[in-house]
Every structure is written in C-alpha cells, then in structure tokens.
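**Q** the sequence and its predicted three-dimensional model are supplied below.
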Amino acid sequence: MRRTRAALVAVAAGALVLTACSSGGGGGGGKTTENKDAKAKQSKSAQQLAGAITFGDDAASKGPAEPVPGAVSGGTMNVLERDSYTHLDPGQIYVQNEYQLATLIHRGLTTYKLDNEGKYTVVGDLATNSGEQSDGGKTWTFHLKDNIKFQDGTPITSKDIRWSVERLFAPFITNGPAYLQQWLANTSGTDYRKLLPAGPYNGQHLPDTLLSTPDEKTVVFHFAKPEPDTPYLFALPGYAVVDSAKDTKQAYDKAPVASGPYMIKNFDQGKSMTLVKNPNWDPTSDSARHQYVDSFAITFNHQYEDSTKRLMSDAGENQTSVSFSNAVDTDNTPTVVGTPSIYKRTVAGYQPFVGQIDFNMKRLTDINVRKALAMAMPTKPTYTALGAEYGAEYAGGFLSPALAGYQKADPLGKIANPNGDPAGAKKILTDAGKLNTKITYAYVNTTQGQQYSVAIAAALKAAGFNVQRKELPSDTYYDLIGKVDNQYDIYASAWGADWPSASTVIPPVFDGRTIADQAPNYGHVNDPYVNSQIDKISAMTDPAAAQKAWFDLNTYLLTKVIPGVPTVYYKQLQLFGSKVGGAVYNNMWSGIDCTKLFLKP
C-alpha cells in the first residue's frame, strides 16, 4: 500500500505481521517433521509464479472456465473457519479470508485464472479482456461482456462500474485498498478524498477527464502517469462491482448484491453463513470460476486445532468439509505431514508476506554498524517460531517467491547461514571503531517474541553490540514502531504484496518520500537512488522489464543501503476431507481455491 492500512496487525506464533493484504495467519510453532514431498508441494506453487504472469486477451477471458478433472455437481460442502467476515462490501474488503469469500460472490473488471497446469493469467472478468492501454499506459479502456448480471437478473453496465469506483471516495469506505483512488487523484495518503468528498451520493461524479463511460459497455480510466499494473489492480476484490441501484451505503457491508457464482442466503455474524447458487451467474461469461456445489455451509469459531482434528479424523460430515483459510495447526503438523493417508489430503503454498528486522536509519546512520548487524543477525529463531519448513522459508531478500518474476538470491547469506556470523560482525565493528555500540531492540511481549528476541540479542551481544531489549505490548506494537521519532534501533515487521508485483512492496516499504507516522517505511529509508529508481521502474510499461528492475533494486537495498534483514517467507499448509474434490492452492488468494471445489460421489 501507499498508506498503512488501518494498522491491521496479525500475530502468527509471535511474529508480528502488518501487511497491505493482511494474513489469515498460516503457520505456527516449532515442531516439524521432515517431508520432502510436502516441501516440494510448496516449492512448486512458487515456481508457477517464477515466469511473468500474462495479461489475458479476449480468447483467454472467454468463458466457460476450463473444467476441473473429475468434477461433478451437487451437494453441500461444510466450511470450517476461525474468523467470521467483518466486511462483505467489496470496497471494504482487504483481508485474506474475505478475499477468498469474494471470489465466490463478487466479480470485478479483471481476475486471476488458474488453469489445470498451474499457470496464472490475469483475465477479463466482467471485461472482455484484461484491459487495453493507450497514451503510454496512462489510459486504460475496458469493454464489458454480454450476459453479466447481478443476482436478481439486473444487467451490469458501465454505470455500475463508475458508481463502484466513485463510492470509494465516500467517507464511510475506510478499510479497502486506495490505489485506484490515489491514481485518479494523482496523490498519496488520503488526500484523494478531496476529489469527490461525498462519493456519488449527492449527485456529483468524477470528471470524464478521469473516468468516462461513453456507452453502457465501455469504461475508460485516465491516469496522470503510466500505470502498467492496472490489470492487477482491478483483480483486487476491493474493486469488485456494486449494484448502483441497490447501494445501501454502510448497510451494504452486511447484505451485498452478488455478481459471482454464489450469493448469500443467510449470515449470522460470528456464527454461520450459507452460500447458494446465484441463478443469474452465466458460466459462459466467466473464464475463471465454477459453480459445482449447490451450497457452502460455513461455520465460524473453529480454531486451527479444532479444524485440523476434525479434518484429520475424516469421519462423518468431516469427509465433506474444508477450510478456506485455516492452516494446519502447529501441534498436529508432524502427524499430518508424516501420515500418507492424511497428507494426500493437503494443499500447500506460499503467502505473499515477508518478515524482516528493520534498522532505524534515522538512528543507525553508520553503514558499518548496519553491516555488522546484518551479518550477526540470526534468522533461525523467527523461522522456528513460524513452524519451520511448513510455515516459513528462510528469506534471501525483501521480495517473496509469490511474486511474478521471482529471482532467488542471498546477498546477506541468510539462507546459507541462518544462525548469523557474530565473529565476522565483530571484526567489522572493531575495524570501524564501533565496538560496544548501543542497540535498543524492541520486541513484542508474546511468549514466542520473548524466545526469539533472547536468541537474537545473544547473537548481537556476541558480535560486540551493547544490546538493550525493550518489550512492547502486542496491541500497540505497530503504533509504537510506526512513529518516525521512535526511540528504538531495531524491530520486526512484515509486509505482503497486494498483487504479484514488487511495485506493491518496494515503493510503500522503502520510498523515502512516504516517511510519516504509521507509514510502512519502518526503517525510515530515504536513499536518493532508491527513490529515483522507484519512479523510473513505476513508469515502465513492459511488465517483464519492470519485474527484473524491481529485483535489481532489491539487491541494491540489501547490499548498498542495508535497511534491515529479511527473515522468512510465509507459507501455508491446509487440509480437507476425503470427499472434497478440486482442492488446489491458489497463491493469489494465499489459500485453497474456493472456485474449483466439488464433492466426490
């Protein structure tokens, strides 16, 4: 994000995660079991993203979706979820479990298509293709498909798309993404609201110079500068369509009008939700989704241990059960990965989140001190806290394997030596005359936070630092480290990409012009070369060239700036019942792909 998203904090086994797209919580504790097949399953999911994700044309975007092998229709699938859904209004959706629900009930201009070979493509969803750019990428035109309707049969037109965009400027929309609003207003932060302070509700609209709808089937966006990631942007559920005739403002958040293959029959907040088939969803208009099961019976308050044990037992209705978001809990992971009959009923993959230990560059101005910190810093304690190989992978950089064009690298040697090198770090400090440099290390006051902070502090002390640990409460942790004038030298954070491009990681986390209280540039990085490269790469219209340039800049940050140490890439392991078919992991949604599921006879 180009702004901090409402200080959403997820605590996964003591590792604090603040993300543009907040994690549903995959991973946990320290018990592990070696299973090469399990690790291969997760690695394969990342390799499918290693090549550039293509932007689909009309043919790629034409429905119906490729059939799932062996799929049959009918039945009710039980869904065991820990967390209820806080938001159902597309404009308010910005967390992982709501993303997955949105794939079933909402549609936008574009979406991700995952084919049976594991290839991802950004395709037109309501639009005929992934978008047509002109004016060097400043103008994007979308033509709407035929036979796209809301659940009551009302046709979806360009008026609905325009309304869906304009309502995002209204003051009650506070939780969703803000990229599009900022691009249209050509500003950062929340200044975009000045463009349309009340949204469209008082009869005012965005000028045609920014957003035009020349006919019922055409929508044109005009940006101040090239926005080559526009197809990715419109695949965010936060930009899905809202029925302009039935927009109830705040109340829409509890009773939205569906455009996807399913609609909400009933929703008892915190207890249960039932999804049934949307009779006005036309499969010939949708190249990415299916409508195999008759209904999804979702129940909430299933902790990870509860859902894991139920699915492991595979008894009775657990055979027809799945969890969209819950991961296998830590204690049961060894049994799940070590029992072939259970393990075959799992999916696994990466989440877009990368953990790091930030160096406060306002306080740590000597690069030799940062070099020594980076060399001494052990990443194994964080890796262990997240469940080792089934919840995490050692990170070599700030960019996740879940990003398109991922390039594996380890310039700081943290993959090769996750225990750190205190002796080498001590030599750097000695040569620089910086032995006994005082380091105030802020950590979260959870059990796991206590454990890994002790291990990290011990390594830094062995390197010759005078380490002072400072305990911070978990509920205000990000508020405290998010202050520009905080009094801490190092602290943990994490960030997740909004779409599989480094453009949603490096600019918000390392652009010096974004430094502000509660902004995600926690290391207060303000490097002129980094800033200039962000502008240069952001203007590139060739996605493949931009991807390479972002990864080159990632290397520059690690070797020339050293604003911190990447610790782990987050991963996820999920389990399902034996009568659940079509289960595959979708890296775009950080979990099981809800749109392909069916019930076996």
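**A** Yep, it's here.

**Q** need the nearest residue in space to D286, chain neighbours excluded.
**A** Leaving aside its chain neighbours, D286 sits nearest to G63 (4.5 Å; criterion: C-beta to C-beta, 6 or more residues apart in numbering). Every C-beta, even on glycine, is put in place using the N, C-alpha and C of the backbone.

**Q** any figure for the gap between the one you found and P231?
**A** Between G63 and P231 the computed distance is 18 Å (C-beta to C-beta, to the nearest Å).

**Q** distance of P64 relative to G349?
**A** P64 sits 25 Å away from G349, taking C-beta to C-beta as the criterion.

**Q** tell me which of those two has more neighbours.
**A** G349 (27 against 15; other C-beta atoms under 10 Å).

**Q** and that one, backbone torsions?
**A** For G349, the backbone dihedrals (degrees, to the nearest 10) come out as phi -180, psi -170.

**Q** and it, what are its bridge partners?
**A** With DSSP bridges applied, G349 shows beta-bridge pairing to Q572.

**Q** correct me if wrong: it contacts Y570.
**A** No. Taking contacts as C-beta atoms under 8 Å, G349 lies outside contact range of Y570: 10.2 Å.

**Q** can I assume K309 is in contact with D331?
**A** No. The pair K309 / D331 is not scored as a contact, 9.8 Å apart, by C-beta under 8 Å.

**Q** between those two, which contacts overlap?
**A** By C-beta atoms under 8 Å, 6 or more residues apart in numbering, K309 and D331 have no common neighbours.

**Q** please parse this structure into its domains.
**A** According to automatic domain parsing, the chain comprises the domains 85-95+104-287, 351-572.

**Q** contacts only, for the residue nearest to G75 when sequence neighbours are not counted.
**A** Leaving aside its chain neighbours, G75 sits nearest to L599 (3.9 Å; criterion: C-beta to C-beta, 6+ apart). By C-beta under 8 Å, 6+ apart, the contact list for L599 reads 72, 74-77, 292-293, 320, 579-581.

**Q** next, L599: phi, psi?
**A** Dihedral angles (degrees, to the nearest 10) for L599: phi -110, psi 130.

**Q** in stretch 145-160, what counts as buried?
**A** Within stretch 145-160, the residues that count as buried by 16 or more other C-beta atoms under 10 Å are 145, 148-151, 154, 156-158, 160.

**Q** now the residue nearest to G75: how far from Q319?
**A** 9 Å.

**Q** cool, and V165?
**A** For V165, the distance to Q319 - C-beta to C-beta - is 44 Å.

**Q** higher neighbour count, the two?
**A** V165 (26 against 18).

**Q** residues touching the more buried one, list them.
**A** Neighbours of V165 in contact, by C-beta under 8 Å, 6+ apart: 180, 184, 206, 211, 239.

**Q** what about the first one, how many neighbours?
**A** Taking other C-beta under 10 Å as the criterion, the count of residues near L180 is 22.

**Q** and it, that's in a helix?
**A** Yes. Using DSSP: H, G, I helix; E, B strand; the rest coil, the assignment for L180 is a helix.

**Q** from what I can see it touches Y232, true?
**A** No. Counting by C-beta under 8 Å, no contact exists between L180 and Y232, whose distance comes to 11.4 Å.
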